[in-house]
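**Q** Need a 3D model of the sequence below.
(2 chains)
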Amino acid sequence: MTGLKILHIEDDPQTADTVATALAKAGDTVTWAVDGTDGLRTAASSEFDLVILDRMLPDMSGIDIIGKLRDAGVDVPVLMLSALGRTENRIEGLDAGVDDYLAKPFEQEELIARVRALHRRASGQSHSAVIIFGDMECHIKARTAHRQGKHIALSPKEFELFKYFMQNAGEVVTREMLLRDVWNLNFDPQTNVIDVNVGRLRRKLEEGFDGAILETIWGAGYRLLAR
Amino acid sequence: MFAPLFTSLFGRFSIWISLGTASAVFILFLLANGIVKAETERQIQMAVDTDIAGLADIFVSGGQGELVERLSDRIGMIRQAGSSDFYLLADGAGKQIVGNLAKWPELSSENSQAGFVSISDDAEMFARATHLAPDLKLVVGWNLESREALLARLRMAFLLAGAAMVALVTVVGYWSTRRLRLRMTSINAAFRKIGLGQFDARVDIDNRGDELDELSRHTNEMVSRVTNLVNAHKDISDHTAHELRTPLMHLDNRLVSAMNDMTIENQKTGLIAARTDIKNIISLLDSLLDIASSNAKKGDRAGLTEFSLSEIARDMADLYAESAQELEIHFEYRIAPGVMMTGEPAHMQRIISNLLDNAFKFSPSGSAVSLSIKPGPVIRVRDNGPGVPENMRAKIFNRFTRLKPNDASGHGLGLALSKALAARNGLVIRCDDADPGAVFTVMMDSEL
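**A** Here you go, the predicted structure:
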């Protein structure tokens, strides 16, 4: 994936710096707008692949900005990056029309993963009937998983998990993304239920084959590797 | 929109006013009828007495001949004019000398008896008898026909006037209560909207300066105040989160930078622990704000939707089934199909997750945990762990309460949060003995 052009609307210079540094590492270019007015003006004057939006800005709320952006015809994905990280805040943000919601503080890997996944989803790269990655195949309609041509028996939820990894193949998939997109949960359970479920899928995918294909990335999540 | 006639306060008020008016008219009629009856009787009695006294005077001054002549004249006039006076002058045996009465009525002339006597099957008269001479007696009577006609006219007048009055009162009552009802409906509609979270709803004020205007004004003031409080609550929650999370994020970033510059691995361990502490503080803050927010929203219908609890519970059971296997806990779930409820789905996910997390945390391997969902809804999570001592079963839902005082594996907020979330969804949560272990039940709040 080539570098993305990202607009970051944020009043806190330190956060702006952290975001710019993290995304620069991933090859993206970040334009910083210091408040809502500046953000809306910048969004109207140039093309961006994605907008990262703070929720509480000095001149207007991020929730208001999302409406104004959509009204102005800006339909690129919007990631809300906010200090309000409770379930209720996330649901409010998503209901207001943002495409994803990330709470501060965040891991840089998590931010990059979210930005990548959002961009991929928006550019429609994951709508094929069969997803092929390395020696794996995911048949969306038939709901079957194959590796090296061999069928791998998965439970319905395991298939959902596998499909999600295949749709985001090669990229970091975070626990929060799995919780929200596979289990439809907007909070993190106290126990390691996600790791356990991913572990079981990993065993099924790797059993009888050589080498690891589902990598754990400390503090961030997982990545499906091509073999 | 309008309450039916009998359940509406104003409908009932209208009906009672109409019934009250009808009763008042009836009582007035009874009074008037009684007075008229008594007065006419008194007047007839006086007229008869005056008449008989006059005739006695004629007898005294002019003798029997004069009296017979006068009576004959009067009877002649009565026949011509069709009047209703009766006279009878008779001898001692009651035999008619002159008069328009055929026989002597049942009245004693010896003591000048007076009273009502019948003159035919359907007519009565008031009469007085008197003794004029040893072999001469006189009776004078007045027919009551005129009085009956007067009373009949009175009845008709009251019937017509009463009907008109009841009709008028009903129309005026309906019209005025309808206005009141419309104004009350507007106040109720505003409250309904506010209950659904539309805090900009206000009651229209008619500017009549009456009690309802005052009530409307108070209502609007109260709604503004509640709105301000709700906004202030949200504002303070948001700002607390923002003002604490932002510096914590900066601190975390500094730790990350420091870690990146470090070359010796064991130096990083302390910083990793420091980052974990930051995450714990944030999670503590979020739980406290979640509890406050749920408590504030208790009873608020805004944001509640109807959803399948069975579906949510099945997904949660699915998620935890793997953990159970890994922990070697026998996890069983019995979820009744199609259990629907009105609430916030995310809250129910959180409650089930918290209860399962606890059950798994306190159950040793080899033990059993079960989740059951029944219509009601009733959510039950049972474990075979050490259970909860009886004196702690209510306390464990308080903030910062831990079963083991030195347990550092949580903030002691999980059950307090579950309780607040349950209350927000109109549910209550309780802990009982499962012998062995504990059973947590979430069900409808019967007090609601």
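
**Q** Number of residues surrounding whichever residue of chain A sits closest to chain B?
**A** Chain B sits closest to residue A:105 of chain A, with a gap of 3.6 Å, by Cβ to the nearest Cβ. C-beta here means a position set from N, CA and C on the backbone, and glycine is covered the same way. Using other Cβ atoms under 10 Å in any protein chain shown, residue A:105 is surrounded by 24 other residues.

**Q** secondary structure class for it?
**A** Three-state assignment for residue A:105 (DSSP: H, G, I helix; E, B strand; the rest coil): coil.

**Q** Residue B:332 too?
**A** strand.

**Q** Tell me the spacing between it and residue B:380.
**A** Distance of residue B:332 to residue B:380, given as Cβ to Cβ, to the nearest Å: 12 Å.

**Q** which residues does residue B:131 contact?
**A** B:109, B:110, B:112, B:137 (Cβ atoms under 8 Å, 6 or more residues apart in numbering or on different chains).

**Q** Compute the number of surrounding residues for the first one.
**A** Looking back up the chat, that one is residue B:109. By the criterion of other Cβ under 10 Å, residue B:109 has 19 neighbours.

**Q** per-residue pLDDT, it?
**A** Confidence at residue B:109, expressed as pLDDT, is 86.

**Q** got the contact list for it?
**A** Counting by Cβ under 8 Å, 6+ apart, residue B:109 touches B:129, B:130, B:131, B:137, B:138, B:139.

**Q** Tell me which two of those sit farthest apart.
**A** Greatest spatial distance among the contacts of residue B:109 (Cβ to Cβ): B:131 and B:139, at 10.7 Å.

**Q** Ends of stretch A:200-215, what's the gap?
**A** One end of stretch A:200-215 sits 13 Å from the other (Cα to Cα, to the nearest Å).

**Q** phi, psi of residue B:201?
**A** phi -70, psi 140 (degrees, to the nearest 10).

**Q** what sits against it?
**A** Neighbour list for residue B:201: B:189, B:190, B:193, B:194, B:223 [criterion: Cβ under 8 Å, 6+ apart].

**Q** How is residue B:209 assigned, secondary-structure-wise?
**A** Recorded secondary structure, residue B:209: coil (three-state DSSP).

**Q** pLDDT value on it, please?
**A** Value listed for residue B:209 in the pLDDT field: 85.

**Q** what's around it, how many residues?
**A** By other Cβ under 10 Å, the residues close to residue B:209 number 9.

**Q** ok, now how distant is it from residue B:273?
**A** 69 Å.

**Q** same check, this time on residue A:54
**A** For residue A:54, the distance to residue B:273 - Cβ to Cβ - is 29 Å.

**Q** With residue B:116 instead?
**A** To residue B:273, residue B:116 is 117 Å away according to Cβ to Cβ.

**Q** Looking at these two, which is more packed in?
**A** residue B:116 (12 against 9).

**Q** Assign the more buried one to helix, strand or coil.
**A** Under three-state DSSP, the three-state class of residue B:116 is strand.

**Q** Not counting its neighbours along the chain, what's nearest it?
**A** residue B:124 (5.3 Å; Cβ to Cβ, 6 or more residues apart in numbering or on different chains).

**Q** Kindly state the beta-bridge partners for that neighbour.
**A** On the basis of DSSP bridges, residue B:124 is bridged to residue B:118.

**Q** Figure out the helix or strand that the residue lying farthest from the centre of chain A lives in.
**A** Here the centre of chain A is the reference, and by Cα atoms, centre = their mean the most remote residue is residue A:208, at 31.0 Å. Per DSSP states H and E: residue A:208 is located in neither a helix nor a strand.

**Q** Just the pLDDT at it, thanks.
**A** For residue A:208, the pLDDT comes out at 86.

**Q** Contact residues of chain A facing chain B?
**A** Within chain A, the positions near chain B by Cβ under 8 Å from any Cβ of the partner chain are A:12, A:14-15, A:18, A:56, A:83-89, A:91, A:103-106, A:108, A:157, A:183-187, A:189-193, A:196-197, A:199-200.

**Q** Now list the buried members of those.
**A** Neighbour counting with 16 or more other Cβ atoms under 10 Å in any protein chain shown marks A:12, A:15, A:18, A:56, A:83-89, A:91, A:103-106, A:108, A:157, A:183, A:185-187, A:189-191, A:193, A:196-197, A:200 as buried within the residues of chain A next to chain B.

**Q** got the contact list for residue 41?
**A** All of this is about chain A. Taking Cβ under 8 Å, 6+ apart, we find residue A:41 in contact with residue A:33.

**Q** Chain B is the one I meant
**A** Contacts for residue B:41 (Cβ under 8 Å, 6+ apart) come out as B:126, B:147.
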